[in-house]
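**Q** Sequence and predicted structure below; questions after.
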Amino acid sequence: KQEVTQIPAALSVPEGENLVLNCSFTDSAIYNLQWFRQDPGKGLTSLLLIQSSQREQTSGRLNASLDKSSGRSTLYIAASQPGDSATYLCAVPSNQAGTALIFGKGTTLSVSS
Amino acid sequence: GAGVSQSPSNKVTEKGKDVELRCDPISGHTALYWYRQSLGQGLEFLIYFQGNSAPDKSGLPSDRFSAERTGGSVSTLTIQRTQQEDSAVYLCASSLGPFARGWTDTQYFGPGTRLTVL
């Protein structure tokens, strides 16, 4: 059964710092991996989707990498801003269904000005 | 265009009552998903629709939970005889679909319905 783990559970940094969020998964036979952002009381916003054939994806100050063989993904945020404060979730499709997403419990990021 | 919408945004009910949660997906999205987010459990998949069919309902926690989708659009999640452990935020998502087994496209989430069972 696929399990997704995110470390750390919480992170506090001053504005301007570069930071890395980690995601690991137990079954390396994934089709893709997605990173989401969730603001308090809100739904999820998709940030990046990396297909299994890709090594990384970039969007603005965000860069996500994927290493299937080691079962790991990282989300790199450059020059963090207070507006980046949110919970970041990674998710992989269920191998069994191929459609349901299995989520980690998230990393709650706080960026202070 | 409009995103995924859900109603109500908040629902407080008494233990033992039935509740219905509604999801309006993005127009043209054939795939629709329900998830539940509760403290300590994180986000859990409940059910997936492709059109009006539900090929994967493996995440529904008990037979008190059911869902339907009509016209390939609106979906309703029904919880019968609610229990306190049903208290959670219920999130709906949609995506373009359809796709081959194992392939997924970006899922767009609604704001959720916060259900509190007293």
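**A** Now that the structure is in, tell me what you want to look at. From a predicted model like this one, the values you see are computed outputs, not experimental measurements.
**Q** Would you tell me which residues of chain B are close to chain A?
**A** Contact residues, chain B versus chain A (CB under 8 Å from any CB of the partner chain): B:4, B:31, B:33, B:35, B:42-45, B:48, B:50, B:55-56, B:58-59, B:91, B:93, B:99-112. To be clear about C-beta, it is placed using only N, CA and C from the backbone, and glycine gets the same treatment.
**Q** PyMOL command for the buried members of these?
**A** Buried residues among the residues of chain B next to chain A (16 or more other CB atoms under 10 Å in any protein chain shown), as a PyMOL selection:
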select buried, chain B and resi 4+31+33+35+42+43+44+45+48+50+56+59+91+93+99+102+104+105+107+108+109+110+111+112
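**Q** quick one: which of the residues of chain B next to chain A sit in strands?
**A** Using DSSP state E, the members of these that fall within strands are B:31, B:33, B:35, B:42-45, B:48, B:50, B:55-56, B:91, B:93, B:108-109.
**Q** Now residue B:59, what are its backbone angles?
**A** Here is the backbone geometry of residue B:59 (degrees, to the nearest 10): phi -90, psi -10.
**Q** Quick check: it touching residue B:43?
**A** No - using CB atoms under 8 Å, residue B:59 is not in contact with residue B:43; the gap is 10.6 Å.
**Q** quick one: buried residues of the helix or strand harbouring residue A:6?
**A** Here residue A:6 sits within strand A:4-7, counting by DSSP states H and E. For strand A:4-7, burial by neighbour count (16+ other CB under 10 Å) applies to A:4, A:6.
**Q** Which secondary structure elements does it sit against?
**A** With contacts defined as 3 or more CB pairs under 8 Å, 6 or more residues apart in numbering or on different chains; DSSP states H and E, the packing partners of strand A:4-7 are strand A:19-25, strand A:86-93.
**Q** Next secondary structure after the shortest one?
**A** Read it as strand A:19-25. Following strand A:19-25 in sequence, per DSSP H and E, is strand A:32-38.
**Q** give me every residue that touches the most centrally placed residue in chain B.
**A** Nearest to the mean C-alpha position of chain B, counting by CA atoms, centre = their mean, stands residue B:34 at 2.6 Å. Counting by CB atoms under 8 Å, 6 or more residues apart in numbering or on different chains, residue B:34 touches B:23, B:45, B:46, B:47, B:67, B:75, B:77, B:90, B:91, B:92.
**Q** residues near the nearest residue to it once chain neighbours are set aside, how many?
**A** Nearest residue to residue B:34, sequence neighbours excluded (CB to CB, 6 or more residues apart in numbering or on different chains): residue B:46, at 4.2 Å. By other CB atoms under 10 Å in any protein chain shown, 21 other residues sit near residue B:46.
**Q** Between its first and last residues, how far does stretch A:104-113 reach?
**A** The first and last residues of stretch A:104-113 sit 28 Å apart, counting by CA to CA, to the nearest Å.
**Q** Buried residues, it. List them.
**A** A:104, A:105, A:106, A:107, A:108, A:109, A:111.
**Q** now do stretch B:64-80
**A** B:65, B:67, B:69, B:72, B:73, B:75, B:77, B:79.
**Q** what's the farthest-apart pair in those residues?
**A** Using CB to CB, the buried residues of stretch B:64-80 span at most 23.2 Å, a distance reached by B:72 and B:79.
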